[in-house]
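Enquirer: here is my input; please provide its structure:
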Amino acid sequence: MRFYKFLPLALALPFAGSARTFACELCAVYSANHGLAAEHGWFTGAAEQFTSFGSIQLGGHEIANPAGQRLESSTTQFVLGYNFNDHFSLQANIPYLHRSFRRPSALGVEDGSESGLGDAILLGKLALWRKDTGDGIFTGSLLGGVKFPTGSTARLREETQSLGTLVASTGGSHGAATTSANSLASAIHGYDLTLGSGSFDARIGA
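Expert: Okay, the predicted model is just below:
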């Protein structure tokens, strides 16, 4: 049995206040450095990723942040896997998430946190090639798997409630709704805080 430890750190990235951004979700999944290895059998590991968002953007430009809005996220992934041979391995990732935030609300400035298990992933890795040099090791692999809806989706209800309130207050007018949405003070929403997506999803990559 082997143990892997990986500690990436992402610091001080601005977050969007007007629209969602789409990132590589598979890139956030820790893939243990296995495949084409001399040792076969079980392996375990843990990975930690920390991100801190402390500025607000609207239309691609940073705007004032008088409420001191922030979102700090810690994702710890626990890994259990098995090397079947020199080319193929399978691993399960169980993430534990902790999010700490500060945002304005109807009752004033809200300081809060959200913690719990996230969506688990079963990931297969097919190692295609490996080259050892005097300065490092280069590998090429294909990844594929399934994400399971094991994380809580309670925070996603904020999106439905906010949309219902917005439409009701604007009488269903799209133009008024857009103007009102852009004037909302909070840049941290339910989809930023949710622990899970509530759906099964495929994950593929290289």
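Enquirer: show the pLDDT at the closest residue to residue 148 other than its chain neighbours.
Expert: Excluding the flanking residues, the one nearest residue 148 by C-beta to C-beta, 6 or more residues apart in numbering is residue 120, at 4.8 Å. Heads up, the C-betas are built off the backbone N, CA and C, glycines and all. What the model reports for residue 120 is a pLDDT of 97.
Enquirer: now residue 120: how far from residue 145?
Expert: 10 Å (C-beta to C-beta, to the nearest Å).
Enquirer: between those two, which one's more packed in?
Expert: residue 145 (22 against 18; other C-beta atoms under 10 Å).
Enquirer: which strands border the helix or strand harbouring the more buried one, and is each parallel or antiparallel?
Expert: Using DSSP states H and E, residue 145 falls within strand 137-147. Strand 137-147 has the following strand partners under DSSP bridges: strand 121-132 (antiparallel), strand 201-205 (antiparallel).
Enquirer: tell me which of those strands sits most buried.
Expert: strand 121-132 (a mean of 16; mean count of other C-beta atoms under 10 Å).
Enquirer: which stretches in this protein count as helices?
Expert: 157-170, 174-182, 190-193 (DSSP state H).
Enquirer: okay, now the unreliable bits of the chain?
Expert: Scanning the chain for pLDDT under 70 picks out 1-26, 33-38, 161-184.
Enquirer: longest strand in it, by residue count?
Expert: strand 88-105 (DSSP state E).
Enquirer: now do that one: distance to the chain's middle.
Expert: Computed by C-alpha atoms, centre = their mean, to the nearest Å, the separation of strand 88-105 from the middle of its chain amounts to 6 Å.
Enquirer: packing partners of it?
Expert: Applying 3 or more C-beta pairs under 8 Å, 6 or more residues apart in numbering; DSSP states H and E, one finds that strand 88-105 contacts strand 70-83, strand 108-117, strand 121-132, helix 190-193.
Enquirer: try 7 Å this time
Expert: Judged by 3 or more C-beta pairs under 7 Å, 6 or more residues apart in numbering; DSSP states H and E, strand 88-105 is in contact with strand 70-83, strand 108-117, strand 121-132.
Enquirer: and that strand, which strands flank it?
Expert: Partners of strand 88-105 in its sheet, by DSSP bridges: strand 70-83 (antiparallel), strand 108-117 (antiparallel), strand 121-132 (antiparallel).
Enquirer: can you give me the buried ones in that strand?
Expert: 89, 91, 93, 95-97, 99, 101-104 (16 or more other C-beta atoms under 10 Å).
Enquirer: pick the one among those closest to residue 45.
Expert: Ranked by distance to residue 45 (C-beta to C-beta), these are led by residue 91 at 8.4 Å.
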